[in-house]
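Student: please find the sequence and the predicted model below.
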Amino acid sequence: MSDVQAPARGPRAYAAFIGIGLLAGLLSGLFGVGGGTVIVPLLVLLLHFDQRLAAGTSLAAIVPTASVGVISYAATGSVAWIPAIILAAGAVVGAQIGTRLLPRISQTALRWGFVGFLVVVIVSLFLVIPSRDAAFELSWLTGIALVGVGVGTGILAGLIGVGGGVIVVPVLTLAFGTSDLVAKGTSLLMMIPTAISGTVGNLRNRNVDMLAAALIGVSACTTTALGAWLATIVDPTLGNMLFAAYLVVIAVQMAIKAVRGRKRG
């Protein structure tokens, strides 16, 4: 069992949980991501959570957040249900592979590799603008490709803790030609079984602060629908620019971790 203990409680902590949830929910709905890239660093920086406890708490909070996001996108027909299930199945398998590979692979090299991937995606977002009218055409070939994307996403999640949306949304829009709205709705649906699976494991190891996860998750649910609505009224070009800015923040976070990991090494 993990010996990680929850940080001390207080009005400041409760207010922080709610504030983190509101921000994470808005970004989750707007970009089709889980919000873990916001929740984890803020829990660590503001409330001095242990990294593992922050990651486990974030994953638990993503379950209700993503669920509300899926409902919001489904209301406008912006969820590709079967592709999401295929991606989720691949991601669950990939996460197990990533967890087992974790002790054998350099975290620093992985982080720099992921930063490189994000740089390519950021540049591509300024070159390829998704069409809102694009339909997801599912075939045997695209189905096999989706399994590969899901497995790859799960492996990265297991290795460096990145959420699926950061990978799946740009891959669906840039490689599969999917509408940006469908990519976001599909990404959120894919996350739900993955997050549930991870949360069950984290609960066994006592790596979830359930009160914090509940406050963050419930708060996030109040702004997720707003973020999803904003995504529908934002022009795809502006949407790409905003998502690129979000990815820059993530790339900087990952680069800082890589530098610190190299110094410790």
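Tutor: Noted; the coordinates are in hand.
Student: now the helices for the stretch 151-265 of the chain?
Tutor: Per DSSP state H, counting those that start in this stretch, the stretch 151-265 of the chain carries helices over the ranges 165-174, 180-204, 210-233, 236-264.
Student: format those helices as JSON lines; extra columns: mean neighbour count.
Tutor: For the C-beta atoms, the positions are set from N, CA and C on the backbone; glycine is no exception. Listed next are the helices of the stretch 151-265 of the chain as JSON lines, based on neighbours: other Cβ atoms under 10 Å:
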{"stretch": "helix 165-174", "mean neighbour count": "25"}
{"stretch": "helix 180-204", "mean neighbour count": "24"}
{"stretch": "helix 210-233", "mean neighbour count": "21"}
{"stretch": "helix 236-264", "mean neighbour count": "16"}
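Student: right, and these - which one's nearest residue 93?
Tutor: Shortest distance between residue 93 and the helices of the stretch 151-265 of the chain, using Cβ to Cβ, is found for helix 180-204: 10.3 Å.
Student: list the helices and strands the closest one packs on?
Tutor: helix 51-74, helix 81-101, helix 140-160, helix 165-174, helix 210-233, helix 236-264 (3 or more Cβ pairs under 8 Å, 6 or more residues apart in numbering; DSSP states H and E).
Student: quick one: mean pLDDT over it.
Tutor: Mean per-residue pLDDT for helix 180-204: 89.
Student: likewise for stretch 214-234?
Tutor: pLDDT averaged over stretch 214-234 gives 96.
Student: picking that back up, so which of the helices and strands packed on helix 180-204 is nearest residue 112?
Tutor: When these are compared by Cβ to Cβ, helix 236-264 sits nearest residue 112, at 5.2 Å.
Student: chain center to the closest one: distance?
Tutor: 13 Å (Cα atoms, centre = their mean, to the nearest Å).
Student: try stretch 253-265
Tutor: Centroid displacement of stretch 253-265 relative to its chain, using Cα atoms, centre = their mean, is 21 Å.
Student: coming back round to it: tabulate the helices and strands packed on helix 180-204 (CSV), appending distance to residue 17.
Tutor: Output for the helices and strands packed on helix 180-204, formatted as CSV (distance: least, Cβ to Cβ, whole Å):
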stretch, distance to residue 17
helix 51-74, 9
helix 81-101, 26
helix 140-160, 23
helix 165-174, 22
helix 210-233, 4
helix 236-264, 20
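Student: tell me which of those helices lies nearest to residue 31.
Tutor: Here helix 236-264 is closest among the helices and strands packed on helix 180-204 (Cβ to Cβ), at 5.5 Å.
Student: now the angle between helix 210-233 and that closest one, please.
Tutor: Going by axes from the mean of the first three to the mean of the last three Cα atoms, to 10 degrees, helix 236-264 is angled at 140 degrees with respect to helix 210-233.
Student: tell me what angle helix 236-264 forms with helix 165-174.
Tutor: Using the same axes, to 10 degrees, helix 236-264 lies at 140 degrees relative to helix 165-174.
Student: give the other helices and strands that helix 236-264 contacts.
Tutor: Here helix 236-264 touches helix 11-31, helix 36-47, helix 107-127, helix 165-174, helix 180-204, going by 3+ Cβ pairs under 8 Å, 6+ apart.
Student: between helix 107-127 and that helix, find me the angle.
Tutor: 160 degrees.
Student: which residue packs closest to residue 79, ignoring adjacent ones?
Tutor: With sequence-adjacent residues excluded and distances taken as Cβ to Cβ, 6 or more residues apart in numbering, residue 79 is closest to residue 185, at 3.9 Å.
Student: before we move on, back to that, out of the helices and strands packed on helix 180-204, the one nearest residue 118 is which?
Tutor: Closest among those, using Cβ to Cβ: helix 236-264, at 4.3 Å.
Student: quick one: work out the angle between the closest one and helix 36-47.
Tutor: Going by the same axes, to 10 degrees, helix 236-264 makes 50 degrees with helix 36-47.
Student: and the gap between the nearest residue to residue 92 once chain neighbours are set aside and residue 191?
Tutor: The spatially closest residue to residue 92, leaving aside those adjacent along the chain, is residue 197, at 5.5 Å (Cβ to Cβ, 6+ apart). Distance of residue 197 to residue 191, computed by Cβ to Cβ, to the nearest Å: 11 Å.
Student: great, nothing more from me.
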